[in-house]
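> Using only what follows, build the 3D model:
(one chain, ligands or ions: 1)
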Amino acid sequence: MTKGLPIIISGPSGAGKTTLYKMAIETIPEVTHSVSYTTRAPRPGDVDGEDYHFVSEAEFEDMAREGRFIEDAHIHGNRYGTGRSELEGLLLKGSHVLLEIDVQGAASLRTALDEAVYIFICPPSLQACKERLTTRGSDSAEVIERRLRAAVDEVREAALYDYVIINEDINTSFEALKAVIKAESIKTPRMAEKIKELFSL
Ligand code: 5GP
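Numbers count the residues shown, from 1 in each chain. The predicted model follows:
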């Protein structure tokens with residue numbers, strides 16, 4: 001079976017990447033997600049094992065020491081990591097795995113993974129980011145200010161990605177995301193393997 005493709009989505013808080021990520025998971029059958037680990041406290045509505053595996057600092061540290069993360073990062077005072085065996089298991093089953101991770105995590109994956117697609121979701125402006133974070137209502141004014149400052153540093157990294165989607169309208173952005181996933185999944189090297197499989201070459 002042809003291995004699935006890791007699809008990395010990054011972008012500042014308030015860019016709309018979580019919405020796009022959820023739309024993709026829910027509506028594109030070939031796409032699945034790997035549940036990340038985090039030390040941050042669950043927000044109202046967060047489900048352990050679905051949104052994240054919520055773990056203590058000590059548990060996270062043990063896992064990191066044992067090499068159980070393919071990448072991990074410190075973000076806004078918390079730690080986040082992608083489980084190595086979870087990701088590899090899903091790819092081996094042939095699913096494309098969407099990873100919503102920060103720019104540090106994406107940088108680590110560029111060396112850790114042979115094949116992956118990197119997509120940067122950019123807000124149309126800082127003001128739009130601020131409005132989205134404020135409307136979401138899940139972060140304090142201080143946290144929002146911190147996230148907006150981080151956003152400026154993050155957009156500088158956009159040039160390192162394969163694709164940039166400026167998210168002015170969620171449906172248009174989702175069409176772009178679907179088009180990228182479709183095109184990347186039928187690139188010649190992947191199809192060469194598929195043809196071998198289909199025709200027992
Ligand atoms: P939040 O706390 O709002 O759910 O996520 C904060 C940031 O952590 C987001 O930018 C998100 O993309 C990033 N993030 C979530 N899971 C991971 C992960 O497994 N690894 C890395 N590097 N970043 C992650």
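> contacting residues for the residue in the chain positioned nearest to the ligand?
Proximity of the chain to the ligand (CB to the nearest ligand atom) peaks at Gly105, 2.3 Å away. The way it works is simple: take the backbone N, C-alpha and C, and place the C-beta from them, glycine included. Applying CB atoms under 8 Å, 6 or more residues apart in numbering, we find Gly105 in contact with Ile8, Ser10, Glu71, Asp72, Ala73, Tyr80, Thr82, Leu99.
> Tabulate those residues (a markdown table), appending secondary structure, distance to Ala183 and neighbour count.
Putting the contacts of Gly105 into a markdown table (DSSP: H, G, I helix; E, B strand; the rest coil; distance: CB to CB, whole Å; neighbours: other CB atoms under 10 Å) gives the following:
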| residue | secondary structure | distance to Ala183 | neighbour count |
| --- | --- | --- | --- |
| Ile8 | strand | 16 | 24 |
| Ser10 | strand | 19 | 25 |
| Glu71 | strand | 25 | 24 |
| Asp72 | strand | 30 | 22 |
| Ala73 | strand | 28 | 18 |
| Tyr80 | strand | 29 | 23 |
| Thr82 | strand | 24 | 26 |
| Leu99 | strand | 19 | 23 |
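> just these now: which is nearest Met23?
For these, the minimum distance to Met23 (CB to CB) is 15.5 Å, reached by Leu99.
> Look up how far Ile195 lies from that closest one.
28 Å (CB to CB, to the nearest Å).
> Enumerate the residues of this protein near the ligand.
Contact residues (CB under 6 Å from any ligand atom) of the chain with the ligand: 13, 36, 40, 71, 73, 75, 80-82, 100-102, 104-105.
> now, which of those residues lie within helices?
Counted as lying in helices by DSSP state H, out of the residues of the chain next to the ligand, are Gln104, Gly105.
> What is the nearest of the residues of the chain next to the ligand to Asn167?
Nearest member of the residues of the chain next to the ligand to Asn167, counting by CB to CB, is Ser13, at 12.5 Å.
> Just the pLDDT at the closest one, thanks.
In this prediction, Ser13 carries a pLDDT score of 85.
> any idea which element the residue lying closest to it once chain neighbours are set aside lies in?
Of all residues not flanking Ser13 in the chain, Arg147 sits nearest, at 4.3 Å (CB to CB, 6 or more residues apart in numbering). Taking DSSP states H and E as the criterion, Arg147 maps to helix 141-155.
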